[in-house]
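Undergrad: Here is a sequence with its predicted model. Questions after.
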Amino acid sequence: MFFAPGRTREKGFSQQAGYAQAPRYSALAVLVAVALQVPHTFAAEQAAAPVAGSNKDQTLTVEASAESATDSAATDYSVPVTSAGTKMPMIARDIPQSVSIISKQRMEDQQLQSLGQVLYNTTAIQEGVADMDRRTYYSRGFLIDNYMVDGIPTVFETRWNLGDSQSDTAMFERIEVVRGASGLMTGTGNPSASINMIHKHADSREFAGNVSASYGSWNKQRYVADLSAPLSESGNVRGRIVAGYQDGNSFVERYSAEKKFLYGVVDADLTDSTTLTVGYEYQETNANRPTWGGAPRWYTDGSKTDYRRGFNSAPDWAYNDKQNNKVFANLKQSFDNGWQANLTGTHNETLINSKQMYIDGYFDKTTGLGVSRYQDYDVVAGTGYNSGKRKVNAVDAYASGPFELLGRQHELMMGLSYTKQKNTYYSSFANISSAELGNFNDFNSSFPETDWGPRTLAQEDIIRKKSAYMATRLSLADPLHLILGARYTNYNSHSLTQEFEKNNVSPYAGLVFDINENWSTYASYTSVFQPQTQRDINRSFLSPVIGKNYEAGVKSDWFNSRLTTSVSVFRAELDNVAQTTNQVIPGTAGETAYKATDGTVSRGVEFEINGAITDNWQMTFGGTRYIAEERDGTAVNPQLPRTQLKLFTSYRLPMLQEVTVGGGVNWQTHVWSDIAGPDGNGTLRAEQGSYALVNLFSRYQVTKQLSLQANLNNLFDKEYDTTVDNIYTVYGEPRNFSLTASYQF
């Protein structure tokens, strides 16, 4: 069946002068225009437009049963209401920023089993790959450093990668991505994006669950159970457990990884208006013989090497283990006047322990002897024994609700938060000279384990953030709303080498104008403040990044928010942005020195269509085109694709409702990076041309409870390099498949 477009609230567009005329955006502009026309076309075919001038806050009733409405909410790619960006519940059209929400159904269809897989397939997000286990994510040219769980942030740094992107999605109901600066939500952060993982809740008053088993390429096995049940006769106390185990090898030879996770939550309705939630999360990931980096990219004469995709330089003694433990509690109180208060507390401990070896040199094509990329530095490989703990204690309290002023109804949100994060890391390392490594042409990954000396304290710091924040959504007129807010942050960092304290106020402003019942335009502004963990050649931390973030766009909302579209233009202006010097800080285990640069600008355009085109057809289609440059025109992070298109869709066959088919494609443009040459002489350019990865899936609903699903990734077995910003190469996954059986009860 088709459904009528509902009358929803707020929508948005307003381009800054110059963007629409820039010829470099012309190709994407055509796609954007087509994207904007798609929902309009379907709406015209499916239902008459609402009466002009009618009250936009009314909603037409969808002609469907309550059961079908519930089914659609569970199976749609769209999520109608979110608190992303402002902590005030809104439809996506009301939020004056670019927002992508990845629903549980989308994750199941595409088999997105980790946060990293979700982000890789999210509109306008780019992936940075260091090796098999270390992946970071970027947007608009900058590192994403704000990772939140249920709105509680963690300070993230790339030097010690604790596996944030490996978080298993089986524990989460959805993933929310707000692109641009997020000062109102976090106080600090790059103008890239903020990631918020929303835990599943115990929302069933009767026993229900889902168990699944998967098998795939390289002997990957995965088993997950998700069980819910009432814990009291009335159902006012409910419990939910999600448990899983995953094990498998890889296309990289001798590499294997095992993952275990357990999540438990209890939701208790203490009164009709008071709900208490307590939960626990555990995840353990153990990798054996992991690469630390990849295969050498060039020989000493500058010609390219030709290692097989599965080449692994890791010795048998190498491992990389991570463990995460988290407890959290939330108390929610609703009031008769429409106000709601939330109090959340969390304690999280993340551990890493690893022994690894990396190759970092140029090797002679004939003799196999190596030289460093650094002048007068006879180091072509190294080993490291690293362990550490990240401990986060946080509490957040806020209240939100309506108020009346000058005869109109508005909304207000205000809160306080406190976060204390302690990072402690120990390290022991050894440099390997060319003579010690020998002829790399004969290297078979058999290298003796280092006689580790005592590990020394490599880093110890305590970061405290105290914040007060407030935002209001003012109804200036029926079609016009203004969001104003600010966050005050006291940021204090105490490390082994220095202490840093800064008070900062991050203002936020957004204006949303309803064009009609389905379309709206918006503009927003927020400031940027981001303390940095990168250090210069003298081991001093760089000054915080400061700047401004502007965004404007148009959004639309169809079929009672089951389908949303957006197009935005943005501009970020930053000072003190960290850029690599391609030098190693003396006395460290290969830590790269950085410098701060002023006058960095990122500007571009993004679009996305997400949700139900019809009852049988779900789709997410998004793209971005941006440019990030320093003041002198030097590209910022050129290893990231400047243009991307990402599509994934599913279609349930009308003539055979038990069968769903679908798939998608991720396409990106050419990327490059200039790397220091042998012995520091000149530079060599690493490049990866534009490419597309095609994925397919199909699901057969055998019975109402049992389904069988097949996924095929990288259909055409494209060979591509994921790491052009380094001296080594890390290949992406070849063609691979998975088969999944799920039973729901």
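TA: Right, received. Where do you want to start?
Undergrad: end to end, how far does stretch 674-687 reach?
TA: With CA to CA, to the nearest Å as the measure, the ends of stretch 674-687 fall 9 Å from one another.
Undergrad: Residue nearest the middle of this protein, spatially speaking?
TA: Central residue check for the chain by CA atoms, centre = their mean: the C-alpha nearest the mean position is that of Leu119, 4.1 Å away.
Undergrad: residues making contact with the helix or strand where that residue lies?
TA: Assignment of secondary structure by DSSP states H and E places Leu119 within helix 115-120. Outside helix 115-120, the residues that touch it by CB atoms under 8 Å, 6 or more residues apart in numbering are 102, 107, 111-112, 125, 127, 135, 137, 144, 164-167, 169, 175, 177, 195, 197, 666. (Each C-beta comes from the backbone N, C-alpha and C, glycine too.)
Undergrad: if we can go back for a sec, now do the residue nearest to the centre of the chain against Ser303, distance only.
TA: 35 Å (CB to CB, to the nearest Å).
Undergrad: what's the answer for Glu176, then?
TA: Distance check for Glu176 against Ser303: by CB to CB, it reads 46 Å.
Undergrad: of these two, who's got more company?
TA: When Glu176 is set against Ser303 and neighbours are counted by other CB atoms under 10 Å, the residue ahead is Glu176, at 22 against 9.
Undergrad: Quick check: that one touching Ile101?
TA: Yes - contact criterion CB atoms under 8 Å: Glu176 and Ile101 qualify, at 5.3 Å.
Undergrad: Which elements pack onto the helix or strand where Ser100 lies?
TA: Element membership of Ser100, judged by DSSP H and E, is strand 99-103. For strand 99-103, the elements it packs on are strand 172-179, strand 600-614, judged by 3 or more CB pairs under 8 Å, 6 or more residues apart in numbering; DSSP states H and E.
Undergrad: Compare the ones you listed and give me the one nearest Thr497.
TA: Ranking the helices and strands packed on strand 99-103 by their distance to Thr497 (criterion: CB to CB) puts strand 600-614 first, at 25.8 Å.
Undergrad: which parts of the following helix or strand past the closest one are buried?
TA: Tracing the chain C-terminally past strand 600-614 and defining elements by DSSP H and E, one meets strand 617-629 next. Buried residues in strand 617-629, defined by neighbour count with 16 or more other CB atoms under 10 Å: Gln618, Met619, Thr620, Phe621, Gly622, Gly623, Thr624, Arg625, Tyr626, Ile627, Ala628, Glu629.
Undergrad: cool, stretch 514-526 as well?
TA: Across stretch 514-526, burial judged by 16+ other CB under 10 Å covers Asp514, Asn516, Glu517, Asn518, Trp519, Ser520, Thr521, Tyr522, Ala523, Ser524, Tyr525, Thr526.
Undergrad: can you put these in JSON lines and add pLDDT and distance to Leu476?
TA: Listed next are the buried residues of stretch 514-526 as JSON lines, based on pLDDT from 0 to 100; distance: CB to CB, whole Å:
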{"residue": "Asp514", "pLDDT": "96", "distance to Leu476": "11"}
{"residue": "Asn516", "pLDDT": "93", "distance to Leu476": "18"}
{"residue": "Glu517", "pLDDT": "92", "distance to Leu476": "19"}
{"residue": "Asn518", "pLDDT": "94", "distance to Leu476": "21"}
{"residue": "Trp519", "pLDDT": "96", "distance to Leu476": "18"}
{"residue": "Ser520", "pLDDT": "96", "distance to Leu476": "14"}
{"residue": "Thr521", "pLDDT": "97", "distance to Leu476": "14"}
{"residue": "Tyr522", "pLDDT": "97", "distance to Leu476": "13"}
{"residue": "Ala523", "pLDDT": "97", "distance to Leu476": "14"}
{"residue": "Ser524", "pLDDT": "96", "distance to Leu476": "15"}
{"residue": "Tyr525", "pLDDT": "95", "distance to Leu476": "17"}
{"residue": "Thr526", "pLDDT": "92", "distance to Leu476": "20"}
